[in-house]
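> model this:
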Amino acid sequence: EVQLQASGGGLVHAGGSLRLSCAASGFTFDDYAIGWFRQAPGEEREGVSCITSDGSTYYADSVKGRFTISSDTAKNTVYLQMNSLKPEDTAVYYCHLATFSLNLHYWGQGTQVTVSS
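Alright, predicted model coming up:
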């Protein structure tokens, strides 16, 4: 069973930083993308950043230059370093894993990020 355990959210002032972690377990796929979506109150869930099994990275335009995604394959953990946080980054952040060949999707529980102005 695939499990994604997210952690690292919290409350921070604008301009501050947080690091999210997503520990993945129970999967043996070799073609995948793992990363983060977020959903603000009243808004649709949107993709934030992901990293693929070959190391390619993706960032939403709204976070480019401020967020950095990385992975520790030995720990099966993905990190999202979020710097220069803005109030508009406030949302519940969800870890997400997608496999390319099987088109399977897995979600972790959300972690709340709140940025005060």
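> other SSEs contacting whichever strand or helix holds Ala6?
Using DSSP states H and E, Ala6 maps to strand 3-7. Using 3 or more Cβ pairs under 8 Å, 6 or more residues apart in numbering; DSSP states H and E as the contact test, the elements touching strand 3-7 are strand 18-25, strand 91-99, strand 105-116. Backbone N, C-alpha and C define where each C-beta goes, glycine included.
> Rounded mean pLDDT for that strand, please.
The predicted model gives strand 3-7 an average pLDDT of 95.
> Show the subsequent helix or strand relative to that strand.
By DSSP H and E, the next helix or strand past strand 3-7 is strand 10-13.
> how many other residues sit next to Glu43?
By other Cβ atoms under 10 Å, the residues close to Glu43 number 9.
> show me the contacts for it.
Listed by Cβ atoms under 8 Å, 6 or more residues apart in numbering, the contact set of Glu43 reads Ala91.
> try the one 10 residues further on
Applying Cβ under 8 Å, 6+ apart, we find Ser53 in contact with 29-33.
> swap the cut-off to 7 Å and go again
30-32 (Cβ atoms under 7 Å, 6 or more residues apart in numbering).
> Please tell me how far it sits from Lys75.
Ser53 sits at a distance of 16 Å from Lys75 (criterion: Cβ to Cβ, to the nearest Å).
> swap in Gly47?
Gly47 is 23 Å from Lys75, by Cβ to Cβ.
> Residue nearest the middle of this protein, spatially speaking?
Closest residue to the average C-alpha location of the chain: Trp36 at 2.4 Å, with Cα atoms, centre = their mean.
> Count the neighbours of the closest residue to that residue other than its chain neighbours for me.
Closest residue to Trp36 apart from its sequence neighbours, by Cβ to Cβ, 6 or more residues apart in numbering: Val48 at 4.4 Å. Other residues lying near Val48 total 24 when counted by other Cβ under 10 Å.
> which element is Val48 on?
Using DSSP H and E, the element containing Val48 is strand 46-52.
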